[in-house]
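**Q** how would this look folded up:
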Amino acid sequence: MNKNLPLIELTVDLDDENTGVYAISFVDSPATEVDWYAFDSKKPHKFDSDDTKQMITGPVMLANTPIYRYHPQMGEYNVIFRDETVMDMMKKYMSSDLKDNVNEQHDSSKVVKGVHLVESFILDDRMELNGVFKDLPKGTWMGTFYIEDKEYYNELVNNPEFNGFSLEGMFDEELINMSLVQREEKLSESLFNMIEEIVNDNNLSEEDMYNKIKKILH
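**A** Here you go, the predicted structure:
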């Protein structure tokens, strides 16, 4: 973690339907930087080693762990999910109709069918994971996916392009460690860029343009 970068805490509002996780993606570079674990007989684990179960497990989101991000408007920064937020994320996602919403590489055109989230739990004092996940922080959200198609399962666990899970969602943001001057500079630059993008959108009517700019400045 670069301590000189802004740190933004991401949160979920349980009463706001617009915030939360809406999909989980199979990716090559998971934001958690921890690879999933395929249930086969070649690796030590607590679960049944019968590879006919066609299941993979791994961290969905690490708790209290800064994660590097880059945005063209904001530049470089780190985000963090506190353990209570990770718990809220999991509860909200599991109580929705989206828990089997899976795609590849965050590409909505590559939705994966026949993949089901069959286990979802938070690491705490009740849990003891040996082997590959033993050093994960408490409060981490773990998930296990069952994959119906054995051919796809084998392709997934043997393909170096897929190494873990990555969330898709909307979150509230709270800046933690940026100075007031830095924050104002970033905010001004971000607002200017957003307004410029709206003004240059030839598909918008004057009324739509006005309403979008008004919403940003509100």
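**Q** for this structure, what spans make up the helices?
**A** Using DSSP state H, the helices of the chain run over 83-94, 150-158, 180-199, 206-217.
**Q** mean pLDDT lowest for which of those helices?
**A** Lowest mean pLDDT within the helices of the chain: helix 180-199, at a mean of 59.
**Q** so how many other residues sit close to Met90?
**A** Number of residues near Met90 (other Cβ atoms under 10 Å) recorded here: 22. Every C-beta, even on glycine, is put in place using the N, C-alpha and C of the backbone.
**Q** From Val115, how far off is it?
**A** When distance is defined by Cβ to Cβ, to the nearest Å, Met90 is 18 Å away from Val115.
**Q** before we move on, what about Met89?
**A** Met89 sits 19 Å away from Val115, going by Cβ to Cβ.
**Q** What of Asn78?
**A** Following Cβ to Cβ, the distance that separates Asn78 from Val115 is 30 Å.
**Q** which one of the two has more residues nearby?
**A** Between Asn78 and Val115, counted using other Cβ under 10 Å, Val115 has the larger neighbour count: 23 against 19.
**Q** in the sheet, who's paired with the residue nearest to the more buried one when sequence neighbours are not counted?
**A** Nearest non-adjacent residue to Val115, counting by Cβ to Cβ, 6 or more residues apart in numbering: Val102, 4.6 Å away. In this entry, Val102 is beta-bridged to Ile24, by DSSP bridges.
**Q** Got the phi and psi for the closest residue to Glu161 other than its chain neighbours?
**A** In space, not counting the residues next to it along the chain, Glu161 is nearest to Asp28; the distance is 4.9 Å by Cβ to Cβ, 6+ apart. The phi and psi torsions at Asp28 (degrees, to the nearest 10) take the values phi -80, psi -30.
**Q** Next, the contact list for Asp28, please.
**A** Going by Cβ atoms under 8 Å, 6 or more residues apart in numbering, Asp28 touches Gln105, Pro160, Glu161, Phe162, Asn163.
**Q** If the most centrally placed residue in the chain is in a bridge, with which residues?
**A** Centroid-nearest residue in the chain, with Cα atoms, centre = their mean: Leu167, separated by 2.4 Å. Note on Leu167: beta-bridge partners by DSSP bridges are Ile24.
**Q** For Ile67, give me its contacts.
**A** Ala31, Thr32, Asn78, Val79, Ile80.
**Q** can we see that at 6 Å?
**A** Neighbouring residues of Ile67 by Cβ atoms under 6 Å, 6 or more residues apart in numbering: Ala31, Val79.
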